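Student: quick one: sequence and predicted model below, then my questions.
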Amino acid sequence: MNRFAGMVTAVSLIAAGALAEHTLTSSVSPSAMADTATGAPVAAAAAASDISAASAYDSLTEHAFAVASPSVVYINNVGVGSGSGVIYDSSGDIVTNAHVVAGGTKYTVTLSSGKVYPATVRGTDTADDLAVIHINASGLPAAHFAGANGFKVAQTVLAIGNPLDLQQSVTSGLISAINRTVQESNGAYLPNALQTSAPINPGNSGGALVNLDGTVVGIPTLEAVDAQNNNGGAAQGIGFAVPSTRVTDIARQIISSGKVAHTGRAFLGVGVGDSSQGQSPYGNGFGFGNQAPVAGALVNNVATGSPAAQAGVQQGDIITAANGHAVTSGDDLLVALANSKPGSTMKLTINRNGTTVTVSVKLGELPANQS
C-alpha cells in the first residue's frame, strides 16, 4: 500500500510541476513574447497550448464518467462470480451479459452510491449474451443508449465497470472497428460487435462502453485472445462490445415478456465441426474413406424439423461453400450465418460421400437461448 501511495505522490508532484510551468508561462511579458530571437517564448507558448489541450481533453473524459458512472452497477452472482450492469430504466431494470448471471441462484446489485439490493433475473438471451435483471427500487439514474449511427470508428470511448472486483473503474480507448463477427467461449457468435482499444478485463462484462457525452454505445462482453501467446493470454487493446442498438432491442423484449420473441438472427439447424481436423467420427461412407479429409464444416447433427432438415442436409455432410463463398471450417459456416437474415435463402455446396450436392435452404430465426 505504501508503494502505491508513493506513486500517487510522484504523480501529484508532476502535476504540480506542470501547473507551475503553466503559471510561469502565463507571466511572460509582451516584450518577451515579441522577441523571438531565442525561440524560448515561442516554446513556452506551445507548452501552454499543449497543457490547455490536455486539460480540455481531461474535462471531456471526466464529464463522460460523471454522466455515465451512476448508471453502472456491480453485480454479484453469489458463489459463482461477479460482473457489471447498466441501469436500463429508473424502475429497477438492469441490462448485463448473460454469462454474468449464468449458473447462479442468488444475486445482489451494488449501486454507485454503495447501496446494495437483492436482484432477480427477468430473462436471458444467450445467443447475444445479454440478460436483464431487476431490483426493487425506483428513481434510478437510467443510462442513455445511442441509437442507429450513434457510434463511429475512431470515436473516443470509456469502458466503465468493475474489473477484478475493482468497482467503478474506468479505462479509455477508441472504437477500433464496427460490424465485427466474434465468437464467445460458449460457441455463440455475435454479429455487428464493436471492437475497442479500451482495456476490458474480467468483471467489465456487462458494464458500459460510453462516448464523451456519457452515452452508452455498447456493453463490453469479451476480450480477444492472442493465438500466438503460448499461455492463451488476452490480446492487448482488443476487446468487443454488443452495440447499443442490439442491447435496447433485446432488453425491451425481455422487460415486456420475460423472453426474446424475435432475435433477428439466421438459423440453419445444424451442429458443425471442422472436417479437416481428422477422420470422420462416423467412419467410412461420409466422404472420407481412405482418402484425406475434405476441408469444410462437418455436419455432426441436424435438428429435427429445422431448415437444414427440410432442405435435405444430412448428418455427415461436409459443407464446403455457402452462397458461393468457400467454407473451410465450422467457424466459416457460423460466420456466414451470423451475417445472414432470417427468411433469406442460403445455397450450400456439400460433399456427400465424395459426391458434390447443392441445396438451397430458407433460413429460419435463431431461438434466443440457442447459440
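Tutor: The structure has been received and is ready for your questions.
Student: just list whatever residues bridge to Y117.
Tutor: With beta bridges defined as DSSP bridges, Y117 has these partners: V109.
Student: count the residues that sit near it.
Tutor: 17 (other CB atoms under 10 Å). C-beta coordinates here come from the backbone N, C-alpha and C atoms, glycine included.
Student: got a list of what it touches?
Tutor: Contacts for Y117 (CB atoms under 8 Å, 6 or more residues apart in numbering) come out as T108, V109, L111, I135, N136, A137.
Student: nearest to I51, of those?
Tutor: Distance ranking of these against I51, using CB to CB, places L111 first at 36.0 Å.
Student: buried members of the contacts of Y117 into PyMOL, please.
Tutor: In PyMOL, a selection of the buried entries from the contacts of Y117 looks like this (16 or more other CB atoms under 10 Å):
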select buried, resi 108+109+111+135+137
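Student: okay, the contacts of Y117 in TSV with distance to P70 and pLDDT next?
Tutor: Formatted as TSV, the contacts of Y117 follow (distance: CB to CB, whole Å; pLDDT from 0 to 100):
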residue	distance to P70	pLDDT
T108	18	98
V109	13	98
L111	8	98
I135	15	98
N136	19	98
A137	13	97
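Student: which one of the contacts of Y117 is nearest to A224?
Tutor: V109 (28.5 Å).
Student: tell me how far the closest one lies from Y74.
Tutor: 7 Å (CB to CB, to the nearest Å).
Student: for T215, phi and psi?
Tutor: Phi and psi for T215, reported as degrees, to the nearest 10, are phi -80, psi 140.
Student: if I look at it, how far off is L164?
Tutor: Relative to L164, and taking CB to CB, T215 is found at 26 Å.
Student: these two: who's more crowded?
Tutor: T215 (20 against 10).
Student: so who does that one touch?
Tutor: Applying CB under 8 Å, 6+ apart to T215 gives the contacts A68, A143, H144, F145, A146, G150, S244.
Student: show me which pair in those is furthest apart.
Tutor: Using CB to CB, the contacts of T215 reach their maximum pairwise distance at A68 and G150, which is 14.1 Å.
Student: neighbour count: the two, which is higher?
Tutor: Between A68 and G150, A68 has the larger neighbour count (other CB under 10 Å), namely 26 against 18.
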